[in-house]
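Trainee: here is a sequence together with a model predicted from it:
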Amino acid sequence: MAVNKVNEDLLRERARYTFNIEELTNFIDGGEEGTRNRREVEDMVIHVKELHDEVPEDYLSHKERYENAVKKGCILIDLLKEHVLRHSSFDAYKPSNMYRVLSMAKEVSPVLLHMGMFVPTIFGQASAEQQEEWLHKALMLEIIGTYAQTELGHGTFLRGLETTATYDPSTEEFVLHSPTLTSYKWWPGGLGQTANHCIVVAQLYSREKCYGVHAFLVQIRDSETHMPLPGIKVGDIGPKLGFQTANNGFLGFDHFRIPRKNMLMRNAQVLKDGRYVKSKSDKLTYGTMMLVRVMIVSDAAYELSRAATIAARYSAVRRQSMPRPGQPEPQILDYVTQQHKVFIAIATSHALRLTGGWLWDAYSSLTHDLDQGNLDQLPELHALACCLKAISSRDSNSLVEQCRMSCGGHGYMSSSNFPTIYGATAATVTYEGEYTVMLLQTARYLMKAWKEALGGIVLTPTVAYMVTYNKAKPAWVNTPEAIIQGFHAVAVGKVKEAADGIEYHQNSGKDYEDAWNAASVMLVKASECYCRAIICETFWKEIQKHSRSMSRNLAVVLQQLSELYLSYWVLERSGDFFQVRTVPLTRTKFEFVSFASPKCHCQMCTGFVAHITSVVVLAVQVSIQNLTLTFCTRKRNEFDIGSC
Ligand SMILES: CCCCCCCCCCC/C=C/C(=O)SCCNC(=O)CCNC(=O)[C@H](O)C(C)(C)COP(=O)(O)OP(=O)(O)OC[C@H]1O[C@@H](n2cnc3c(N)ncnc32)[C@H](O)[C@@H]1OP(=O)(O)O
Ligand SMILES: Cc1cc2nc3c(=O)[nH]c(=O)nc-3n(C[C@H](O)[C@H](O)[C@H](O)COP(=O)(O)OP(=O)(O)OC[C@H]3O[C@@H](n4cnc5c(N)ncnc54)[C@H](O)[C@@H]3O)c2cc1C
């Protein structure tokens, strides 16, 4: 049998690296232990022939694909249990580790929701007694669950959910009911044929009063026969853009009774006589969504890193065209346009991975505070989780598509794996909070922060710069730190613009809701800019922090990637940098400045300076009296882009 020979171009490219590959691998895995864990799992899985498809899954029917995914999921979970029993060196039962194992199969696992939301909800919203009863069974997959919140009629507007859970004190039970077709649960992963339990989010009624949405743990299928229990209507919602084996389903209740103890009671409770005990905050019911949004940022980075790797390798081995007659066709990696497509995907996967780790640490700190009854950080973390989930998933999905396109026709083949990765990342832009809705949630927070900034109130860390930018014009030089300050200035400008927009519409007679809606495009833009500033700053600071403990060769490369990311987004948003109003310039005198500084001589900054200067030239000619520059470094009589 022909031995697979590694492509010579690829070998040559690999021989040219300037840093220690194992050191970068450890950095990406979060340390040597992380690499060891990952390799243990990969070694466990890679040689299991049942996990490799004889027939490409695209030739299988919907039913065969699902059965194939179930088979692989069972093999992976059995391997994991055996491995833990044998080595106990790998904490298999942490949902994120289990998720990593399940993602070793190409197909999305039908038990993804079990690990991604059902188990975390028991962790986060079940009382100690309830965890005692259900957590081990869930971790050992003796019960398989999902998270049933979205309905046909409502996904975003949770307060509009129609499924009811009415308490009956005479039997100490809740009666679950789907009063309308639009109240049917629609989308939950694993619901089609896999799950026998689920977390159901429903409007809680007791003593004829509605207390809003709460979570309940409900058995929907018989543990022995796996048939739906009486009063349960459940099935598969059918084919989708991607995620074909996630087994998304529908669920309806016909006056279905569950014991009182199946209401998740960590936060709020209903007593035997029907009295409702309020939680410290209604927002705690939303806790699982925040956790998954935090996890999605890391997941977005992971999926993008897969696509960037495929595109980079293909760019090394693909030769095309003949710029010089008679010369060999060059590797497409040598085309600057190809580098421009692929390198930002590589840089972004690192930016999102490091930002995801930073956000996870912030979330872990919040959960510790919540356990102590301290909810102070909840609003800021909600705002962060919303915008970072939105931007990371959107960036990941669009760059996966960019990587596909960079591979020409072969990128369109199923065998390239781009369609699977694209389908998975496209889903994350919508699920767990739709893109626009999430940015508007963050905008709610930013509008409150802006009002506090105007009053000089000290703000929470990620918006603290709003107080200073509102007072004084930043004076800084053209360095990465300066670019980050520029993103802060853009964010403040956009937040101010949106707040002014709401005020303008209110002054013209609209009520707050209509004024909010009229200004909502600006509100989304303000959240995008706030989020971009966070990713730029976090990426740069994380690289600076880790560089101190890594070899110089690796530190240089990672620093270049972070500078590439900063420069890329300044160029993508150059218009914003020059249309932001932080302080008005005098109408008569226009101070044009140079960006050149003795500190920055890299190609990127020169390119950046050249590009920006051309934009400034245009802007200066077009609207000198309104233009407000926050790039004030030092005055020059003429453009000076040579000394950058
Ligand atoms: C290791 C890698 C793992 C990868 C991932 C694992 C796999 C998982 C697979 C997931 C599959 C998909 C699952 C799902 O999609 S589950 C369903 C998800 N659904 C949603 O996300 C719904 C989105 N909509 C909302 O969240 C609502 O719009 C929202 C609640 C945000 C707002 O609704 P509403 O208009 O009713 O309420 P308000 O806007 O008035 O807000 C009320 C106040 O509550 C605050 N709030 C809202 N949400 C939260 C939250 N999650 N945490 C904390 N606080 C929250 C909000 O800020 C308001 O507060 P203020 O009044 O003080 O501003
Ligand atoms: C692959 C996949 C898997 C899923 N898995 C699950 C699951 O396991 N469990 C579960 O419960 N759900 C699941 N969902 C459902 C998902 O959570 C919802 O689709 C999502 O929350 C969006 O809600 P929606 O579909 O009702 O869209 P809508 O909210 O109807 O959004 C439609 C449009 O309306 C706009 N819009 C809505 N509200 C506003 C507003 N207030 N202001 C401005 N614009 C607005 C949106 O921006 C969007 O453009 C899944 C979805 C997908 C795609």
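Mentor: Structure received. Ligands and ions are numbered 1, 2, ... in the order given.
Trainee: spatially nearest residue to the residue in the stretch 501-644 of the chain that ligand 2 sits nearest to, not counting backbone neighbours?
Mentor: Going by CB to the nearest ligand atom, ligand 2 is nearest to residue 520 of the stretch 501-644 of the chain, at 6.3 Å. Where you see a C-beta, it was placed from the backbone N, CA and C, and this is true even at glycine. Closest residue to residue 520 apart from its sequence neighbours, by CB to CB, 6 or more residues apart in numbering: residue 440 at 6.5 Å.
Trainee: buried set for the helix or strand in which that neighbour is found?
Mentor: Element membership of residue 440, judged by DSSP states H and E, is helix 435-454. The neighbour-count check on helix 435-454 (16 or more other CB atoms under 10 Å) flags 435, 438-447, 449-450, 453 as buried.
Trainee: the helices in the stretch 301-450 of the chain, which residues?
Mentor: Using DSSP state H, counting those that start in this stretch, the helices of the stretch 301-450 of the chain run over residues 336-371, 378-405, 418-430, 435-454.
Trainee: pick the most deeply packed of the ones you listed.
Mentor: Counting by mean count of other CB atoms under 10 Å, helix 378-405 has the highest mean neighbour count of the helices of the stretch 301-450 of the chain, with a mean of 24.
Trainee: so what does it touch, helix or strand wise?
Mentor: Applying 3 or more CB pairs under 8 Å, 6 or more residues apart in numbering; DSSP states H and E, we find helix 378-405 packed against helix 287-317, helix 336-371, helix 418-430, helix 435-454, helix 520-547.
Trainee: give me every residue that touches residue 452.
Mentor: For residue 452, the contacting residues are residue 459, by CB atoms under 8 Å, 6 or more residues apart in numbering.
Trainee: distance between stretch 246-259 and the chain's centre?
Mentor: 28 Å (CA atoms, centre = their mean, to the nearest Å).
Trainee: now do stretch 251-271
Mentor: Put simply, stretch 251-271 sits 31 Å off its chain's centre (CA atoms, centre = their mean).
Trainee: I'd like the average pLDDT over that stretch.
Mentor: For stretch 251-271, the per-residue pLDDT values average out at 97.
Trainee: kindly report the same for stretch 480-495.
Mentor: Taken as a whole, stretch 480-495 has an average pLDDT of 92.
Trainee: same thing with stretch 12-32?
Mentor: For stretch 12-32, the mean pLDDT works out to 94.
Trainee: quick one: residues contacting the closest residue to residue 236 other than its chain neighbours.
Mentor: With CB to CB, 6+ apart as the criterion, residue 236 has its nearest non-adjacent residue at 3.3 Å, and that residue is residue 192. By CB under 8 Å, 6+ apart, the residues touching residue 192 are 66, 110, 234, 235, 236, 237, 247, 248, 249.
Trainee: identify the bridge partners of residue 201.
Mentor: For residue 201, the beta-bridge assignment (DSSP bridges) gives partners residue 215.
Trainee: next, give me the two most distant ones among the contacts of residue 192.
Mentor: The most widely separated members of the contacts of residue 192 are 66 and 234, with 14.8 Å between them, by CB to CB.
Trainee: measure residue 373 to ligand 2 for me?
Mentor: 28 Å (CB to the nearest ligand atom, to the nearest Å).
Trainee: what pLDDT does that residue get?
Mentor: 81.
Trainee: residue 279 contacts residue 268, doesn't it?
Mentor: Yes. Here residue 279 reaches residue 268: they are 4.1 Å apart, a contact under CB atoms under 8 Å.
Trainee: what about the two, which has more around it?
Mentor: Taking other CB atoms under 10 Å, residue 279 and residue 268 do not tie; residue 268 has more neighbours (22 against 15).
Trainee: tell me how far the more buried one lies from ligand 1.
Mentor: Going from residue 268 to ligand 1 by CB to the nearest ligand atom gives 15 Å.
Trainee: repeat for residue 136
Mentor: Note on residue 136: its distance to ligand 1, by CB to the nearest ligand atom, is 21 Å.
Trainee: does the residue nearest to residue 236 belong to a helix, a strand or coil?
Mentor: Under DSSP: H, G, I helix; E, B strand; the rest coil, the three-state class of residue 192 is coil.
Trainee: just residue 495 next, same as before
Mentor: Here residue 495 is helix, with the state taken from three-state DSSP.
Trainee: could you list every residue that touches it?
Mentor: Residue 495 is in contact with 446, 447, 449, 450, 466, 526, 529, 530, counting by CB under 8 Å, 6+ apart.
Trainee: count of residues packed around residue 152?
Mentor: 18.
Trainee: burial count for residue 130?
Mentor: Per other CB under 10 Å, the neighbour tally for residue 130 reads 18.
Trainee: isn't it up against residue 264?
Mentor: Yes. Between residue 130 and residue 264 there is a contact under CB under 8 Å: 6.6 Å.
Trainee: mutual contacts of the two, please.
Mentor: 122, 217.
Trainee: mind listing what residue 263 touches?
Mentor: Residues near residue 263 by CB under 8 Å, 6+ apart: 165, 174, 204, 214, 215, 216, 269, 270.
Trainee: between which two of those residues is the distance greatest?
Mentor: Farthest-apart pair in these is 165 and 269; separation 13.5 Å (CB to CB).
Trainee: neighbour count winner among those two?
Mentor: Neighbours were counted for residue 165 and for residue 269 using other CB under 10 Å; residue 165 has more, 28 against 16.
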